[in-house]
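K.L.:
sequence-free structure coming up:
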């Protein structure tokens, strides 16, 4: 059991009116048209907000929608990214690099942290609310047509419609390169209708095991499904690794070139992502893609594009996000926000943070995790740390914090329960400033979104 004398008191001095922020409208958008469209969209199956346990068997739904919109995904070249950790950051690095090279770039990613427009970016900026409303309206129109006709598109999900709307937007805005992040797995993910030049698999660890399979090889098979004939597959996993061997077999079967960048064992997450993105850029250069920046001496694309400015531009909310948060007049608290939701991710985050003086000492972790994630595995990672937990609940899909408390008690972790995530965060900040600790917000990207809100 946790030490009953633990000094952690997350509710001390906290304004309970924060709960009103938690209960804000689900969309938080200002444009009334987008709000209305999102209300229509929310009536569909939302794979991000329902229990897993079942998965589609083909891509007929999204293909039907694509045909009805005249195949928008064929109007731009693409790089498809999947993986257990780092896919969003790798995608953002590629977006920033291709922008530096002079291309018009779109990026499609999920989930969002602060605003739904983050899911579709144009030249590094979230799409405006009215533009998003218009493309989603067109997607809903073809969905309704498919439903009346009784074709495959009638079974489209929330994510299907968001995906095809993003591709429609990219075509409309003349995007030359789209960086497309898979939502879940790869083979049967809505995004897999793109005919990508490059397929990136950042890594493979156990996640979504009820849908993707209960071994790394099964999950690798699903992720390797994004490799297209004659394309390039980029992964740091070698054939000596079980998952890497599955990817290599798939690449050979598709007649794809396999690029395996070497990642030093002591590489940070940012360095790892940069090496993977750099390898992808190298392959584009080798395939004859040159910069369009107006230089009198243009260069073929390569990892030279990734400089400090690109690294800075590619940093995303909720991914190793470092803040200094002022707490009243008491001073600043170092805070890290990272949505790590599998043990492999959390361990990598903590290993990186230990290299920095601000985050090398004791800390308070505000923790929430979805019901389908390995909560015990995540908490076991924290056993070796000087940490006190504030267990909370980010969304209706989150595991009950009382259940998390039972696991934490069994593991001997000091903890308290605060169901309201904003109250939990505010209390952790006060505890940290009073006791010389820093704060980690982790376990769920949805939790990071609540904290940002």
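P.N.:
Right, received. Where do you want to start? Predicted, not measured: the structure shown is a model, and the values here were computed from it.
K.L.:
Please list all residues in contact with residue 309.
P.N.:
residue 100 (C-beta atoms under 8 Å, 6 or more residues apart in numbering). (Each C-beta comes from the backbone N, C-alpha and C, glycine too.)
K.L.:
What helix or strand is it located in?
P.N.:
helix 308-313 (DSSP states H and E).
K.L.:
In that helix, which residues are buried?
P.N.:
Buried residues in helix 308-313, counted by 16 or more other C-beta atoms under 10 Å: 310-311, 313.
K.L.:
where in the stretch 51-200 of the chain is pLDDT low?
P.N.:
Across the stretch 51-200 of the chain, the ranges flagged by pLDDT under 70 are 51-56.
K.L.:
ranges for the helices of it?
P.N.:
Remark: helices assigned in the stretch 51-200 of the chain by DSSP state H, counting those that start in this stretch are 60-68, 87-100, 129-149, 158-172.
K.L.:
any chance of these in JSON lines, with mean neighbour count too?
P.N.:
Converted to JSON lines, the helices of the stretch 51-200 of the chain look like this (neighbours: other C-beta atoms under 10 Å):
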{"stretch": "helix 60-68", "mean neighbour count": "21"}
{"stretch": "helix 87-100", "mean neighbour count": "26"}
{"stretch": "helix 129-149", "mean neighbour count": "18"}
{"stretch": "helix 158-172", "mean neighbour count": "25"}
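K.L.:
To residue 443, which of those helices lies closest?
P.N.:
Evaluated with C-beta to C-beta, the helices of the stretch 51-200 of the chain place helix 87-100 nearest to residue 443, the distance being 16.4 Å.
K.L.:
so where do the strands sit in the stretch 351-453 of the chain?
P.N.:
363-367, 387-391, 415-417, 438-442 (DSSP state E, counting those that start in this stretch).
K.L.:
partners of the shortest one in the sheet?
P.N.:
Sheet pairing for strand 415-417, assigned by DSSP bridges, gives strand 387-391 (parallel).
K.L.:
Next, the buried residues of the partner strand.
P.N.:
387-391.
K.L.:
likewise stretch 315-334?
P.N.:
For stretch 315-334, by 16+ other C-beta under 10 Å, it's 317-321, 325, 327, 333-334.
K.L.:
How about stretch 272-291?
P.N.:
272-285, 289, 291.
K.L.:
list the contacts for the nearest residue to residue 175 once chain neighbours are set aside?
P.N.:
Spatially, and ignoring its direct neighbours in sequence, residue 175 is nearest to residue 106 (4.0 Å; C-beta to C-beta, 6 or more residues apart in numbering). Counting by C-beta under 8 Å, 6+ apart, residue 106 touches 76, 120-122, 166, 169-170, 173, 175, 177-179.
K.L.:
picking that back up, and the strands of the stretch 351-453 of the chain: which comes nearest residue 356?
P.N.:
Across the strands of the stretch 351-453 of the chain, closest to residue 356 is strand 438-442 (C-beta to C-beta), at 9.9 Å.
K.L.:
quick one: strands adjacent to the closest one?
P.N.:
Here, using DSSP bridges, strand 438-442 pairs with strand 331-337 (parallel), strand 363-367 (parallel).
K.L.:
Could you give the average pLDDT over it?
P.N.:
For strand 438-442, mean pLDDT rounds to 96.
K.L.:
now stretch 278-296
P.N.:
Taken as a whole, stretch 278-296 carries a mean pLDDT of 91.
K.L.:
my guess is residue 368 meets residue 398, correct?
P.N.:
Yes - under the criterion of C-beta atoms under 8 Å, residue 368 makes contact with residue 398 at 5.0 Å.
K.L.:
intersection of neighbour lists for those two?
P.N.:
With C-beta under 8 Å, 6+ apart, residue 368 and residue 398 have common neighbours 392, 444, 446-447.
K.L.:
Please tabulate the helices of the stretch 51-200 of the chain in a markdown table, including the columns distance to residue 437.
P.N.:
Below are the helices of the stretch 51-200 of the chain laid out as a markdown table (distance: least, C-beta to C-beta, whole Å):
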| stretch | distance to residue 437 |
| --- | --- |
| helix 60-68 | 47 |
| helix 87-100 | 27 |
| helix 129-149 | 39 |
| helix 158-172 | 38 |
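K.L.:
out of the buried residues of helix 308-313, which one sits closest to residue 264?
P.N.:
Using C-beta to C-beta, the buried residues of helix 308-313 come closest to residue 264 at residue 311, 17.1 Å.
K.L.:
how close does that closest one sit to residue 96?
P.N.:
8 Å (C-beta to C-beta, to the nearest Å).
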